[in-house]
Structure formats: structure tokens, C-alpha cells
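Q: Provided below for reference: sequence and predicted model.
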Amino acid sequence: MAISNSHALLLVSPGMGHIIPALELAKRLVSHKIISKVTCLCGSIKTSTPSNVETQVLQSAINENLFDLIQLPPIDLNNLHIKTKIATIMHEIPKLFVSTISIMNLNPTVIITDFFFSQVIPLIDEKLKLSMPKFAFAPTNAWLVALGLHSPTLGKQIQGEYINPISIPGCKSVEPHDLFDMLNDKTNRLYHEFVEACQGAALANGIFVNTFHELEPKTLEALGCGHITKVPVYPVGPIVRQISPSPGPNPRSDVVEWLEKQEEESVVYVSLGSGYTMSHEEIKEMALGLELSGTKFVWSVRPPVTKAGNDHYLTAGEESEIGTTLVSSNFEPSNSFPDEFYRIQTNGFVITDWAPQLDILKHPSIGGFVTHCGWNSVIESVSCGVPIIGWPIFADQKMNATMLAEEVGNGIRVEVSPSTKMVGREGLAKAIKKMMDKDDIEGCVMRERAKKLKVLAERAWSSDGSSYLSLSKITHSNGVW
Ligand code: UDP
């Protein structure tokens, strides 16, 4: 039961991969009566065209009347490189959070911050002298949390770049080529912002992680035994939305209608997340890989750019050139996509804007997910029992893909061609075939594992499940909520 008059302030980061799980956490805390009131303070960025999707996601969450929402003053990031943009928001948002609560009469009893903004924890103590429990929420796996909490020690132990496997006590080592982007370059501002956030999180009363015990038993045990951190780490996942809010003229029914006509587990869903835009060349390779695999597909893809990249990351859902329209197999060709993209359309369904990802993943016709391995996509796929074909690109995605392939057992990773440094058509086709072919023994093992994880994920949030109990336990042990 929630302690009456408990009031959490939740610091929400920009970026769909952070907003979606944070709002869902807020809803769960209230709807499961773990806490009586939540106010979300959302970091925001000045943009010329407001993001349709972000507005939609925030609006539909507000409509449920489970929490209040305050937008922090928007930050101007015009013309900055994506790494500088992220470093800037990590630096500025904690300060804006503190200044906002110092002028508003919000009377919180607990503070929860996005893990990546945990610099706010010492800042609150220093500037506001508010003595109340403070928690960090990591919308990532526990392995990244372990690496982050160990990063100040690693920084002292290892001079220069990481060139050998990186040991974290009790956890799987991290290969340098998989290393979380923010830790790659010690001379970059982003490295220092991230390490500072991790040092802030180490001062919290606890860290919530969007994972569950059965998904990462070894890492969670390591985090619990005191060698990496003294802070209690609570697996509280899977924190996943129940339905996908979607902008525009009801695209949900179009793709679901198409999926209804397909055979069970016969379609592969392809999406590289909210922030990545592929190059012309990559789209061509992906189209040819899908064609070579002979598998039906739902492909969510934005129009290509000259140089692929993640610049879209903080502004996902802004109007694209094509707009928010759905493009089905019979749409008019545009010059921006390669010919191969149009050629394969009779075998699939293409969405060139925001896809209703959860509705797609939940559909029984879906048999696999080609994903960039953003953690939300991973945890959504796990919750829906869909095995993963990992095409990781940046941030924590390579670690996530490795973890799935080598520890969890519900996924494979697509090979990158050493000559082109890109995923090639053959590599993609081979991975899809392995996952989708009912006679492939390894594929069969991964599919079975995915189905088992779906059951375990559901159980984790049942009334006696590990994640629900983990979160309820905090209420009691801290008493003060
Ligand atoms: N998402 C969606 N439709 C899209 C793209 C993304 O609903 O077309 C959602 C997806 O379900 C997930 C989030 O956006 O909840 C993306 O987060 P993730 O951590 O997977 O990757 P990111 O986009 O942050 O790289």
C-alpha cells in the first residue's frame, strides 16, 4: 500500500527511449499503489517543428490522469554535434530540475531521476538541502549499470583507451568493440558527464533497473554482493507500455490488418529505433537481405540520408519529408529510396514514420525482430516472446546484442562485413533464415527461449512476481515514501 501523501518527483530525459519507460514507471508506481502521487518533470529541447510522436506519447499518458507533468525550460541545441548535444543536456537538465523545484511549491517526499541525470542527486543535497530518499531509474539493462558504476574505478585503473576486455567484478567482461559509446573516448565531454552521472547514482538510496531477475541473474547477483556498489539495485522490469500510442490517421489498424492475413510466426519485424536514420546504401543492403531471406516483413524505416547517423535521436517523431503517412506496398515511389526498396514491397508492409511497435510485436504473425537492440525494443520483444536478430549500431546497443546472443539465448547478432564495415545482405538473410526456419535447430532453441522469457516477464510483474515485490520492498524498507 502507498504511504498516504507520498509524492515522487520524476526527472524525465528527452529521447523516446527514455520518455516511454519513465512515463510507464510513473503510471505503475501510482496504479499499483506503491506511491500516491507522481509529478514528472520532463527535460525538453528547442525545436522548430515539435515532435508529433512525443506530444502524442505525453498526451496519452496525461489523459490517463495518473500523474502530473511539468515541462522544464527547453534547451537550445541548435547546430551541435549529437555527442555535444547529449553532453549538454546531461549537464543542463539537472540544474534546470533543481532550479524549477526550488521555485515551485511541490513538496516531494521522494526524488527519482533518470540514471543518466544522476548528477542531480548531489546537486539536490547541495543546493536544496532536501533530505528525502533519492533513486535513479536506469532504462537500460543491469550490465550497463554495473559497467557505469564501475567506470570511475576503471578510469583510474586503465589509462588511455580500452583495448583489452574490460572486467567488471562478477559480470561478463565487455569487449572494447562493444563498449558503451559514452565511455569510448576519455577526452570527450560526454565521457565525463556519464561518469559524473554514475558517481551521482552511487549516492542514491537505490537504483531501479528496467530488467528482471530471470533475464540477468548473474549480473544482478554481482550488483547485490557489494563489490561494484554499496547501493541497492532493484530490478523493476519489464516496464513496457500496454499499447502503442500512434500519431496520424490510425496507422495501427492498417499494419495489424495486414498482419492478420499472414501465417503465424511467418513475418519478421524490422526497425532500427527512434533515432537512427539509414543511408541509401544501408537501405539497399537491408532490402536485398530481406529479399534474399524470402521472409515476409514489416519494415519501419525513415527516408535515407546521405550519411547515416543518430542525429534524429533527440527529436524522433518530428515531421519527415514524407510526413506521418503510412506507406503500404502499393505506394507511389519517391526518388529518395533506392530501387531495391520498391522492388521488394510486394512481400511486406513498409512504414516510413512512427510504427505502432508494441501492437506489431504482440501480433501472432510476428516470428522475429530485426532490431538495433535499443533496450526498450529488447525488453518489449522479450515481453512479447519474439526472438531477436540484433543489428546494433551505437550507444549501449552492441552490449545489449552481445548479452542476448551470449547470455540470454533469445537472439543472434548480424555479422558486419569486415571490408565494408556494414551489415551485408548475405549476413542479414542468413540470420533471418536461422531465426525463422522451423527446421533450424539453433533457431528452434532461441525461439523456445524467447517464449519461456515471455512467461517469466509476465510473472515478474504479477502480484508475487520478482519485480513487483522488489519495488514494493523499497516502500517498506524506506518507510518514508
Ligand atoms: N518506437 C515506436 N515506434 C517506432 C520507433 C520506436 O513505438 O517507430 C518505440 C519503441 O517501441 C521503444 C522506443 O520507441 O519503446 C525506442 O526505444 P529504444 O530503447 O528501443 O531505442 P531508441 O529509439 O532510444 O534508440
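A: Sure thing, it's come through. Not measured: the values here are computed from a predicted model.

Q: Quick check: bridge partners of the closest residue to residue 302 other than its chain neighbours?
A: Computed as C-beta to C-beta, 6 or more residues apart in numbering, the closest residue to residue 302 that is not its neighbour in sequence is residue 277, at 5.1 Å. Placement of C-beta: from N, CA and C, glycine included. Assessed by DSSP bridges, residue 277 has beta-bridge partners residue 309.

Q: So residue 277 sits against residue 304, correct?
A: Yes. Between residue 277 and residue 304 there is a contact under C-beta atoms under 8 Å: 7.1 Å.

Q: Just the buried positions in stretch 113-126, please.
A: 113, 114, 115, 116, 117, 118, 119, 120, 121, 122, 123, 124 (16 or more other C-beta atoms under 10 Å).

Q: For the last one, give me phi and psi.
A: Put plainly, it is residue 124. Here is the backbone geometry of residue 124 (degrees, to the nearest 10): phi -60, psi -40.

Q: distance of it from residue 236?
A: Residue 124 sits 22 Å away from residue 236, going by C-beta to C-beta, to the nearest Å.

Q: How about the fifth one?
A: According to C-beta to C-beta, residue 117 and residue 236 sit 18 Å apart.

Q: Also the third one?
A: Per C-beta to C-beta, residue 115 is found 12 Å from residue 236.

Q: which residues does the spatially closest residue to residue 224 that is not a sequence neighbour bridge with?
A: Closest residue to residue 224 apart from its sequence neighbours, by C-beta to C-beta, 6+ apart: residue 233 at 6.7 Å. For residue 233, the beta-bridge partners are residue 207 (DSSP bridges).

Q: Pull the number of nearby residues for residue 233.
A: Using other C-beta atoms under 10 Å, the number of residues around residue 233 comes to 26.

Q: who's in contact with it?
A: Contact analysis of residue 233 by C-beta atoms under 8 Å, 6 or more residues apart in numbering lists 142, 145, 206, 207, 209, 220, 223, 224.

Q: filter those to the buried ones?
A: 142, 145, 206, 207, 209, 220, 223.

Q: Going by distance to the ligand, which of these wins?
A: residue 209 (13.9 Å; C-beta to the nearest ligand atom).

Q: That closest one and residue 201: what is the separation?
A: Taken as C-beta to C-beta, the span from residue 209 to residue 201 is 11 Å.

Q: near the ligand, which residues of this protein?
A: With C-beta under 6 Å from any ligand atom as the criterion, the chain comes near the ligand at residues 15-17, 20, 244, 271, 273-275, 300, 354-355, 357-358, 374-377, 380.

Q: so residue 349 bridges to which residues?
A: With DSSP bridges as the rule, residue 349 is bridged to residue 298.

Q: Just give the number of residues close to the nearest residue to residue 111 once chain neighbours are set aside.
A: Spatially, and ignoring its direct neighbours in sequence, residue 111 is nearest to residue 134 (4.5 Å; C-beta to C-beta, 6+ apart). Using other C-beta under 10 Å, residue 134 has 24 other residues around it.

Q: Averaged pLDDT, the lengthiest helix in the chain. What do you get?
A: If you go by DSSP state H, the chain has its longest helix at helix 82-103. When pLDDT is averaged over helix 82-103, the result is 94.

Q: what does the helix or strand following that helix contact?
A: Using DSSP states H and E, the helix or strand that follows helix 82-103 in sequence is strand 110-114. Residues outside strand 110-114 that contact it (C-beta under 8 Å, 6+ apart): 6-13, 18, 22, 25, 35, 94, 97, 120-121, 124, 130, 132-137, 139, 208, 478, 480-481.

Q: Quick check: neighbours of strand 110-114 in the sheet, parallel or antiparallel?
A: strand 7-12 (parallel), strand 134-138 (parallel).
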